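[1] okay, sequence plus prediction incoming.
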Amino acid sequence: MKFPAHVPAAVRAYITAHIEGDSHGPGWAESLASAERHIAEIDEEIQSCIHWGKDDDLPGLRHDRKKAAEHRDGLAGNVDCLRRLAHDERMRDAFALLTREFTDDKQWRNFIHAAQAARMNFKPYRDRLKRAADLKDEIAGAADALARLIRQFSETGINGPGEFYSIPELLRQTDNHEMQGHNLGMWQAMRRHVLGDLPRRDSPESEQAQGDGDESPEPVIVTRRIVKPAERHAIDPAEQQRNTMRYAWETAPPFSALLKTMANAARNFEPRESGAIGAALEKRENNIGTQYLRAFGKLLNDDRFTLTTPIMKAMAIVATVVINQPDFDVTYEDVRQALAKPSGKRAV
């Protein structure tokens with residue numbers, strides 16, 4: 001790539017490696033060309049399906065094309081952004097400001113990386129925060145409602161299933177089918193140890209279970225007896241551990257109390273993003289410049305930059321170049337306000 005004379009050598013090397021590639025791998029330009037070819041292949045498949053009347057395949061292909069186009073557009077945006085940072089004439093002033101601040105190539109690389117990485121579409125993250133906030137309120141309400149229903153059922157005097165009240169019984173009757181049953185066997189093997197259940201061969205009903213051919217786990221009748229000091233030495237350690245576990249579970253809170261805890265946790269939870277995204281969305285205002293500057297500042301802060309006045313002035317120029325919208329101009333005052341907390345101190 002050719003660069004204007006005012007572009008620092010470290011910036012030239014960084015941009016060239018990312019666009020054209022280096023010994024570590026191909027650059028974004030090659031990835032962009034590959035993405036374009038992939039879209040062309042999907043377009044050919046779509047046309048073939050239309051020609052041969054394979055309408056059932058079209059929705060999937062069009063979904064694939066949309067995803068491929070989003071990937072292509074992201075790569076194209078990254079390439080265009082880096083090219084602007086190298087060739088936009090306004091960057092001359094930004095580089096002049098930073099030359100007085102930076103002392104090594106790493107600072108240049110980290111600054112340009114932060115400038116490019118802060119260029120994100122924050123809308124999906126803002127939308128999912130709103131969705132999480134709505135759902136956590138629904139979770140709190142549902143947990144409260146279920147706890148109330150369980151209490152009302154208990155007040156009827158009817159002896160309901162143990163799963164209504166007992167955490168151990170819920171665990172005993174529930175298998176782990178997550179991740180396509182990846183941990184199912186392990187949970188089934190470990191469950192009796194967690195709950196302090198007797199091994200099947202020691203269960204009072206084990207002989208009957210073997211006789212009827214039912215391989216499913218039988219209910220365990222749990223009894224507790226008082227052990228005299230003289231008898232303690234004769235207790236099997238495994239039995240002692242089971243007795244301890246069963247007693248511990250007997251002192252556990254009922255399921256309805258756990259539901260109340262869940263409701264309180266959901267009610268008190270505030271959904272947040274972390275890192276640069278969290279910094280960008282910290283303020284409620286949906287302003288593209290403010291979001292970019294806060295993410296930019298967070299990334300620089302993570303790289304231990306001291307955000308001096310010259311650096312913040314350079315950030316204003318860079319933000320204008322990166323965002324690249326008509327009649328959009330970021331000022332030093334915009335940067336200062338975006339990075340300030342309500343107390344007036346720097347936010348990142």
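    Done, it's in. Numbers count the residues shown, from 1 in each chain.
[2] could I get the full set of strands for the stretch 151-300 of the chain?
    Along the stretch 151-300 of the chain, no segments are classed as strands by DSSP state E, counting those that start in this stretch.
[3] residue ranges in it under the pLDDT threshold?
    Counting by pLDDT under 70, the ranges of the stretch 151-300 of the chain that qualify are 200-234.
[4] helices of that one, start to end?
    Along the stretch 151-300 of the chain, counting by DSSP state H, counting those that start in this stretch, helices occupy 167-172, 178-181, 184-195, 206-212, 237-250, 255-268, 275-280, 288-302.
[5] need the ones you listed in CSV with distance to R100 and mean neighbour count, can you?
    (Each C-beta comes from the backbone N, C-alpha and C, glycine too.) Below are the helices of the stretch 151-300 of the chain laid out as CSV (distance: least, C-beta to C-beta, whole Å; neighbours: other C-beta atoms under 10 Å):
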stretch, distance to R100, mean neighbour count
helix 167-172, 64, 17
helix 178-181, 55, 9
helix 184-195, 61, 14
helix 206-212, 82, 11
helix 237-250, 66, 14
helix 255-268, 48, 16
helix 275-280, 26, 20
helix 288-302, 16, 23
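[6] I'd like the ones you listed as JSON lines, with distance to I158 appended.
    Output for the helices of the stretch 151-300 of the chain, formatted as JSON lines (distance: least, C-beta to C-beta, whole Å):
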{"stretch": "helix 167-172", "distance to I158": "17"}
{"stretch": "helix 178-181", "distance to I158": "33"}
{"stretch": "helix 184-195", "distance to I158": "25"}
{"stretch": "helix 206-212", "distance to I158": "28"}
{"stretch": "helix 237-250", "distance to I158": "22"}
{"stretch": "helix 255-268", "distance to I158": "16"}
{"stretch": "helix 275-280", "distance to I158": "49"}
{"stretch": "helix 288-302", "distance to I158": "56"}
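[7] which one of those lies closest to V79?
    Among the helices of the stretch 151-300 of the chain, the nearest to V79 by C-beta to C-beta is helix 288-302 (18.3 Å).
[8] the next helix or strand after that closest one vs helix 288-302, what angle?
    Once the chain leaves helix 288-302, the next helix or strand it forms, by DSSP states H and E, is helix 309-323. Taking axes from the mean of the first three to the mean of the last three C-alpha atoms, to 10 degrees, one finds helix 309-323 and helix 288-302 inclined to each other by 130 degrees.
[9] so what does helix 309-323 touch, helix or strand wise?
    Using 3 or more C-beta pairs under 8 Å, 6 or more residues apart in numbering; DSSP states H and E, the elements in contact with helix 309-323 are helix 58-87, helix 91-99, helix 105-117, helix 288-302, helix 332-338.
[10] helices or strands next to the shortest one in the packing?
    Okay, so that is helix 332-338. For helix 332-338, the packing partners by 3+ C-beta pairs under 8 Å, 6+ apart are helix 288-302, helix 309-323.
[11] show residues contacting it.
    The contact list for helix 332-338 (C-beta atoms under 8 Å, 6 or more residues apart in numbering) reads G289, T290, L293, R294, G297, T309, M312, K313, M315, A316, A319, A347.
[12] do the same with the second one
    With C-beta under 8 Å, 6+ apart as the contact definition, helix 91-99 has outside contacts at 4, 6-8, 11, 84-85, 108, 111, 310-311, 313-314, 317-318, 321.
[13] those, buried ones only, as a ChimeraX selection?
    Buried members of those can be picked out in ChimeraX with the line below, counting by 16 or more other C-beta atoms under 10 Å:
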select :7,8,11,84,85,108,111,310,311,313,314,317,318,321
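[14] give me the phi and psi for the closest residue to M1 other than its chain neighbours.
    Closest residue to M1 apart from its sequence neighbours, by C-beta to C-beta, 6 or more residues apart in numbering: T16 at 5.2 Å. Main-chain dihedrals, T16, degrees, to the nearest 10: phi -60, psi -50.
[15] pull up the gap between T16 and W28, please.
    11 Å (C-beta to C-beta, to the nearest Å).
[16] more crowded one of those two?
    Using other C-beta atoms under 10 Å, the more surrounded residue of T16 and W28 is W28, with 20 against 16.
[17] just the pLDDT for the spatially closest residue to the more buried one that is not a sequence neighbour.
    Leaving aside its chain neighbours, W28 sits nearest to V79 (5.0 Å; criterion: C-beta to C-beta, 6+ apart). In the predicted model, V79 carries a pLDDT score of 97.
[18] which residues does V79 contact?
    Here V79 is in contact with I19, W28, A29, L32 (C-beta under 8 Å, 6+ apart).
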